[in-house]
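>>> test case, fold it:
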Amino acid sequence: SELFGPWQLDGLIAVGGLGEVWRATRGEQVCALKRLHTHLARNDEAREMFAQEQLLAMSLPKHPNVVRGIEPGLVDGRPYLALALAPGEDLRRIVMPPAKGPARAAVSQARALSIVRATCDAAHHLHTYGWVHGDICPANLIVDDDRVMLVDLGVAKKTGHAGAVRGTHAYMAPEQVRGEAWTAATDVFAIGVVLWELAAGKRLFHRGPPWLTMAAVVEEAVPPLPDPVLDAIVQAALAKDP
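Numbers count the residues shown, from 1 in each chain. Alright, predicted model coming up:
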């Protein structure tokens, strides 16, 4: 373990492009502490993105399915963000099929729908306040028996803004791949991919190299699901035109 300012870092939870997330304690208080990577501490763009995440996590009204900020801070020039620690594991570890190899048994339809419904509620909360998450994917959905939490606001953008291609390739919408404006539809596409994968028990657009994955997102048709009602929802969510 390591002392980081007032926080005791107890264990590494996740590592992303912008920073690392630790389980941290301060007295009786427990949090998920996200801190900017050391090598990005002097990178203006990275610091700006991290500052936006701090601001968004602290200012967004509370919602049971969206990660909540506890405090922003700075230790030896490294910004951090303490967040409420979501119980459970990320969806990728619980139910997602491997990128290669045989498909696994699909999660029950009731379970898939409850996870996706909660994810829709979380995304709608962000959209209501003028934000697009931009990185809804299994790694950013923390799931336990009765709760789903959408985490990582690191690439979120104001609705209607365009910019650098960021997100998780296999869950990006075509307009994201093309560097066009993000809207609520951008998150709907990502949720559609999650729903298809939960229902089908296999990956949808993942092709290994990022350029092949992004080409699949833009060009490839979505194989139909056996359930016609579910398939209609998924095909609408995954329309190439936002």
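>>> any idea how far the lowest-mean-pLDDT helix or strand in the chain is from the middle of the chain?
Of all the helices and strands that make up the chain, the one with the lowest confidence by mean pLDDT, DSSP states H and E is helix 91-94; it has a mean of 82. Remark: helix 91-94 is offset 12 Å from the chain centroid, using Cα atoms, centre = their mean, to the nearest Å.
>>> now swap in stretch 164-172 and tell me
How far stretch 164-172 lies from its chain's middle: 10 Å, per Cα atoms, centre = their mean.
>>> in that stretch, which residues are buried?
Neighbour-count burial for stretch 164-172 flags 166-172 (criterion: 16 or more other Cβ atoms under 10 Å). Quick note: C-beta positions are derived from backbone N, CA and C, even for glycine.
>>> now, which of the residues you listed sits nearest residue 211?
Nearest to residue 211 among the buried residues of stretch 164-172 is residue 169, at 8.7 Å by Cβ to Cβ.
>>> quick one: contacts for the residue nearest to that closest one when sequence neighbours are not counted?
Distances taken as Cβ to Cβ, 6 or more residues apart in numbering place residue 213 nearest to residue 169, at 4.3 Å, with adjacent residues excluded. For residue 213, the set of contacting residues under the criterion of Cβ atoms under 8 Å, 6 or more residues apart in numbering consists of 169-170, 205-207.
>>> beta-bridge partners for residue 71, please?
Taking DSSP bridges, one finds residue 82 as the beta-bridge partners of residue 71.
>>> does it really touch residue 84, like I thought?
No: here residue 71 lies out of contact with residue 84, judged by Cβ atoms under 8 Å, at a distance of 11.0 Å.
>>> residue 112 touches residue 199, doesn't it?
Yes: in this structure, residue 112 sits in contact with residue 199. The criterion is Cβ under 8 Å, and the distance is 5.7 Å.
>>> tell me how many other residues crowd residue 18.
The burial metric for residue 18, expressed as a neighbour count using other Cβ atoms under 10 Å, is 20.
>>> pretty sure it is in contact with residue 50, am I right?
Yes: if you go by Cβ under 8 Å, residue 18 and residue 50 touch, sitting 6.2 Å apart.
>>> what is in contact with the two at once?
Common contact partners of residue 18 and residue 50 (Cβ under 8 Å, 6+ apart): 36, 154.
>>> ok, residue 28 to residue 8 distance?
Per Cβ to Cβ, to the nearest Å, residue 28 is found 12 Å from residue 8.
>>> okay, these two: which has more neighbours?
residue 8 (16 against 5).
>>> can you read off the pLDDT for the residue lying closest to the more buried one once chain neighbours are set aside?
Nearest non-adjacent residue to residue 8, counting by Cβ to Cβ, 6+ apart: residue 25, 5.0 Å away. At residue 25, the pLDDT value in this model is 97.
>>> what's the helix or strand for the spatially closest residue to residue 242 that is not a sequence neighbour?
By the measure of Cβ to Cβ, 6+ apart, the closest residue to residue 242 outside its immediate chain neighbours is residue 185, 3.8 Å from it. Assigned by DSSP states H and E, residue 185 falls within helix 184-200.
>>> which strands or helices does that helix pack on?
helix 109-128, strand 131-132, helix 174-177, helix 228-237 (3 or more Cβ pairs under 8 Å, 6 or more residues apart in numbering; DSSP states H and E).
>>> if we use 10 Å, what do you get?
For helix 184-200, the packing partners by 3 or more Cβ pairs under 10 Å, 6 or more residues apart in numbering; DSSP states H and E come out as helix 91-94, helix 109-128, strand 131-132, helix 174-177, helix 228-237.
>>> what about the nearest residue to residue 77 once chain neighbours are set aside, neighbour count?
In space, and not counting its chain neighbours, residue 77 is closest to residue 41: 5.5 Å by Cβ to Cβ, 6+ apart. When neighbours are counted by other Cβ under 10 Å, residue 41 registers 15.
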